[in-house]
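>>> This is a predicted model, with the sequence first.
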Amino acid sequence: MSTAAPTATRTGGPWSPEEFTDRLRAVPAERYHDRHPFNVRMHEGTLEPAELRRWIINRFHYQRHIPVKDALILAKFDDSSLRRSWLRRIQDHDGPVEGEGGIERWLRLGEAAGIDRARLCSGAEVLPGVRLAVDGYVNFCRLGSPLEAVAASLTELAAPGIMRTRIEAFELHYRWIEADGLIYFRDRIGQGGRDSREALALVVEWATTRREQEAAVAALRFKCDVLWSLLDAIDHGVDHGIDHGVDHRAGERP
């Protein structure tokens, strides 16, 4: 899948709100990264420990940039109530205080898998393709319109489903990962559902012309391509010769 900037055709009258909503929902239904071979193998339980740790390390590069892209989106809003509402997304990941939030929970996931948080935070093992995908998404949110930036976030429509699948897979197939490490996934079920409902309402309200509607759909397709490209890089990446083997205190992890 391509991470080139999205384009949209600009002909015809606007779709009805119902048709527009259906078209938006169809994008992640058809293109979300739950269908990527790497995620399929993860959920089937066939990933090797080194592969799963590679994913945790590289996906963290994406996670730590979520509040960055949300800050860029928030800065585009003229309405103070909308800024306050969007600020919650930043707090969901950065936390209202030190030691809380989604980034902290991802660090705990790393620790549960035997990855020291200093190693995660260093970014030394992030693959070039992952950096490119994340930079592309952040720059899209920086340079795109408020409509496009919010529409791109609608991959969250599929987030609750993949989180439930992931929890089930980890509990069944990757029992060497401590249960406390799955808190991030559990929290995102509710947060993703809430955020996608709010973003969908904004996009449907703002996109009143066919040109705007098609731009929103294209932005969402672009975001799906970003997530797919990120997994391509992880799937075909190498581990740079670093030992992904682990905290040997318990002697139970592979």
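Ah, there it is. Residues are numbered from 1 along each chain as shown.
>>> can I get the CA coordinates of whichever strand or helix holds P160 in PDB?
Using DSSP states H and E, P160 falls within helix 159-173. Output of helix 159-173 as PDB, limited to C-alpha atoms (Å, rounded to 0.1, in the frame of the first residue of the first chain):
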ATOM      1  CA  ALA A 159      -9.900  -0.100  16.900                       C
ATOM      2  CA  PRO A 160     -12.300  -1.800  19.500                       C
ATOM      3  CA  GLY A 161     -12.600  -4.900  17.400                       C
ATOM      4  CA  ILE A 162      -8.900  -5.400  16.900                       C
ATOM      5  CA  MET A 163      -8.200  -4.700  20.600                       C
ATOM      6  CA  ARG A 164     -10.600  -7.400  21.700                       C
ATOM      7  CA  THR A 165      -9.000  -9.800  19.200                       C
ATOM      8  CA  ARG A 166      -5.600  -8.900  20.400                       C
ATOM      9  CA  ILE A 167      -6.400  -9.400  24.100                       C
ATOM     10  CA  GLU A 168      -7.800 -12.900  23.300                       C
ATOM     11  CA  ALA A 169      -4.800 -13.800  21.200                       C
ATOM     12  CA  PHE A 170      -2.300 -12.700  23.800                       C
ATOM     13  CA  GLU A 171      -4.100 -14.500  26.700                       C
ATOM     14  CA  LEU A 172      -4.300 -17.700  24.600                       C
ATOM     15  CA  HIS A 173      -1.000 -17.800  22.700                       C
END
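>>> Mind jotting down where the strands sit in this structure?
Shown for the chain, no strands are assigned by DSSP state E.
>>> where does it dip in pLDDT?
For the chain, applying pLDDT under 70 flags the ranges 1-11, 239-254.
>>> at 50 instead, please
The chain contains residues with pLDDT under 50 at 1-9, 241-252.
>>> list the helices and strands the longest helix along it packs on?
Ranked by number of residues, the top helix in the chain under DSSP state H is helix 210-235. Other helices and strands packing on helix 210-235, by 3 or more CB pairs under 8 Å, 6 or more residues apart in numbering; DSSP states H and E, are helix 17-31, helix 37-44, helix 49-63, helix 128-143, helix 146-152. Quick note: C-beta positions are derived from backbone N, CA and C, even for glycine.
>>> If anything else comes up later, I'll come back, but that's it for now.
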